[in-house]
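[1] The following block contains a protein sequence and its predicted model.
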Amino acid sequence: MIEVAHLTYVLPDGRPLLDDVSFRVGEGVKAALVGPNGAGKTTLLRLVAGDLQPVEGSLNHAGGLGVMRQFIGSLRGGDGGPGRDGRDSRTVQDLLLSVAPVRVREAAARLHEAELVMMERDDEKTQMRYAQAITDYTDAGGYDIEVLWDTCTMAALGAPYDNVKYRDVATLSGGEQKRLVLEALLRGPDQVLLLDEPDNYLDVPGKVWLENALRETPKTVLLVSHDRQLLANAADRIVTVEAGNVWVHGGGFGTYAQARRERNERLDELRRRWDEEHAKLKRLVVMLKQKATYNDGMAPAYHAAQTRLRRFEEAGPPEVAPKDQLISMRLRGGRTGKRAVICEGLELTGLMKPFDLEIWYGERVAVLGSNGSGKSHFLRLVAGEDVAHTGAARLGARVVPGHFAQTHARPELAGRTPCEIVMTEHARLKNEAMKALARYELAGRTAEQRFETLSGGQQARLQILLLELSGATLLLLDEPTDNLDLASAEALQQGLDAFDGTVLAVTHDRWFAADFDRYLVFGSDGRVYEAPEPVWDETRVVRQR
């Protein structure tokens, strides 16, 4: 189980983020943590994991704790994650160790250190130290867990552990990394799992696998996700973080929206009654004070009313219903030539067979297919990046591409605030920049935070704002809804509806894809073809053909 009691957390800059938060996730329960981007979902998971310490309150869990962080590159352990060039410098072995039990991680680190010393000298003392390190690793369950990892790598990568253990993590797709870590956690010994956006980068068959795995596992799970289908299919409880508070809906996601509306209506009614009672007591105090000035017999009643008002105000008003997010995306675009994208005999080296494609101005084209099939490479090529290929891919007249990157890897934005980025990238005055950021719920103190300290959803919203300001007439979106909260995803859909241009989007979001005109499928057999409706389990289509 997980138990959080009266937890309060204040950000390093002094802003209160969580105030007197209490909730419990019982044994075997699958609880989803939802709420606006930046509300504190990831911070709450980090508090439970022990990465951060609360100002007040307590956090307890029974059973070993396994943690998947939002960005795989930030998983602790191994050899430290991304290197100077921004790429993850770890191996598959390092990645698996980063989610292994603490004893295994520590024993593995000592064994690695002893191996390095053995390479420099081979005296008796070094040999004894190496032998002890092997014994410690064995006692910690290291070799036993490597048997488990063999099952995990076969399921996620299709190869035995010994064949891939030294493979660079950077060579794995985002979906492969996520699937590998999820396999290790779900099959591992830890009985309590904290999963931050576990479905990001998974294709739809991978999401369906995750839904089934969550339903079948006896483990206790607290997860953050914005995938409405996954929430509906896998979550028993919905834990909502809003305006510094937490409340729990005991049903599933299907009844959550109605429960939230009813809760907010109750809070509004309680606040209205409190305000009315407050005003009534203040009027009573004023009236009795006036009477007590010329009638000493009214003094006790006046003092009693004062005491009653003071106690009423000290008790404080009821919780205020959180405000709904008001996100306004003004993706304008502009008129281009009739043909926006033209591909002739295009083949991305080693990923697909040659194909021809024409995308016309104003069309919404969803790019579907399994992880590793070349979808993101295709978008990068259309965006003008250097991607190995044969054949031709070119843009039509007056087409200006704007690229939304799947991984949010934007080293040129690191160390800069949203306000600085908008001002310098798009020649905006500060007040103009702040107005634009306000439409994306990125104003206030958020506008002065460094890019890398923003939540995944806030980074995504900022990237979309930069696309808006760039004047792009062709939007190339790589999994744009992965880190967006529900309100932001709705705003993006409305923004795309009003966009005067062409949209080409890679997505595994079943809800988001339903709004598109055409579906371009990167098949598992290397063919690229169009389908009349979304194709999620492409292998079935191949068998039918």
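    Nice, thanks for sending it over.

[2] and residue 31, which of the three is it?
    Under the three-state scheme (DSSP: H, G, I helix; E, B strand; the rest coil), residue 31 adopts strand.

[3] ok, now how distant is it from residue 237?
    4 Å (C-beta to C-beta, to the nearest Å). Where you see a C-beta, it was placed from the backbone N, CA and C, and this is true even at glycine.

[4] okay, and the common contacts of the two?
    25, 248 (C-beta atoms under 8 Å, 6 or more residues apart in numbering).

[5] The stretch 51-200 of the chain: strands as residue ranges?
    56-61, 65-68, 192-196 (DSSP state E, counting those that start in this stretch).

[6] and the angle from the last one to strand 56-61?
    Spelled out, it's strand 192-196. Calculated by axes from the mean of the first three to the mean of the last three C-alpha atoms, to 10 degrees, strand 192-196 forms an angle of 110 degrees with strand 56-61.

[7] just to revisit the earlier point, tabulate the strands of the stretch 51-200 of the chain (TSV), appending distance to residue 5 and mean neighbour count.
    Listed next are the strands of the stretch 51-200 of the chain as TSV, based on distance: least, C-beta to C-beta, whole Å; neighbours: other C-beta atoms under 10 Å:
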stretch	distance to residue 5	mean neighbour count
strand 56-61	5	15
strand 65-68	17	21
strand 192-196	16	24
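
[8] Indicate which one of those is closest to residue 371.
    strand 65-68 (16.8 Å; C-beta to C-beta).

[9] Show me what the closest one pairs with in its sheet, parallel or antiparallel.
    strand 192-196 (parallel) (DSSP bridges).

[10] Can you tell me what sits against the partner strand?
    So strand 192-196 is in contact with 1-2, 41-42, 45, 48-49, 61-70, 182, 185-186, 219-224, going by C-beta under 8 Å, 6+ apart.

[11] Flag the helix or strand of the chain with the lowest per-element mean pLDDT.
    In the chain, no helix or strand scores lower on mean pLDDT, DSSP states H and E than helix 538-544, which sits at a mean of 45.

[12] In helices, which of the contacts of strand 192-196 fall?
    41, 42, 45, 48, 49, 182, 185, 186 (DSSP state H).

[13] Tell me the one among those residues nearest to residue 301.
    Distance to residue 301, by C-beta to C-beta, is smallest for residue 41 among the ones in helices among the contacts of strand 192-196, at 50.7 Å.

[14] got a list of what that closest one touches?
    33, 34, 35, 196, 224, 241, 455.

[15] Can you turn the buried part of these into a PyMOL selection?
    To isolate the buried members of the contacts of residue 41 in PyMOL, using 16 or more other C-beta atoms under 10 Å:
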select buried, resi 33+34+35+196+224+241+455
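
[16] For my notes, please list the contacts of residue 41 in a markdown table and give pLDDT and distance to residue 447 for each entry.
    Shown next, in a markdown table, are the contacts of residue 41 (pLDDT from 0 to 100; distance: C-beta to C-beta, whole Å):
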| residue | pLDDT | distance to residue 447 |
| --- | --- | --- |
| 33 | 94 | 25 |
| 34 | 91 | 24 |
| 35 | 89 | 20 |
| 196 | 91 | 24 |
| 224 | 93 | 24 |
| 241 | 93 | 21 |
| 455 | 79 | 14 |
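
[17] State the distance from residue 500 to residue 366.
    For residue 500, the distance to residue 366 - C-beta to C-beta - is 19 Å.

[18] who's more crowded, those two?
    Taking other C-beta atoms under 10 Å, residue 500 and residue 366 do not tie; residue 366 has more neighbours (24 against 13).

[19] Quick check on the residue nearest to residue 333 when sequence neighbours are not counted: phi, psi?
    Spatial nearest neighbour of residue 333, chain neighbours left out: residue 501 (2.8 Å); criterion: C-beta to C-beta, 6 or more residues apart in numbering. When read as degrees, to the nearest 10, the backbone of residue 501 gives phi 180, psi -160.

[20] Residue 501: what's it in contact with?
    331, 333, 334, 336, 340, 361, 362, 472, 473, 474, 475.

[21] Can I have the buried ones of those residues as a PyMOL selection?
    The buried subset of the contacts of residue 501, as determined by 16+ other C-beta under 10 Å, is captured in PyMOL by this line:
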select buried, resi 331+333+336+340+361+362+472+473+474+475
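
[22] Out of the contacts of residue 501, which comes closest to residue 22?
    residue 331 (40.8 Å).

[23] Quick check, the closest one in contact with residue 468.
    Yes: with contact defined as C-beta atoms under 8 Å, residue 331 counts as touching residue 468 (5.3 Å).

[24] Roughly how far does residue 487 sit from residue 327?
    With C-beta to C-beta as the criterion, residue 487 and residue 327 are 6 Å apart.

[25] The two: which has the busier surroundings?
    Shown here are residue 487 and residue 327; by other C-beta under 10 Å, residue 327 has more neighbours (24 against 18).

[26] follow-up on the earlier one: with pLDDT as extra columns, can I get the ones in helices among the contacts of strand 192-196 in CSV?
    Shown next, in CSV, are the ones in helices among the contacts of strand 192-196 (pLDDT from 0 to 100):
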residue, pLDDT
41, 90
42, 89
45, 93
48, 94
49, 92
182, 96
185, 95
186, 96
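
[27] Tell me the most packed of the residues you listed, by neighbour count.
    residue 41 (29 neighbours).

[28] quick one: it from residue 455, how far?
    Residue 41 is 8 Å from residue 455, where distance means C-beta to C-beta.

[29] What's the local residue count around residue 130?
    Counted with other C-beta under 10 Å, residue 130 comes out at 18.

[30] ok, it touching residue 112?
    No: taking contacts as C-beta under 8 Å, residue 130 lies outside contact range of residue 112: 10.9 Å.
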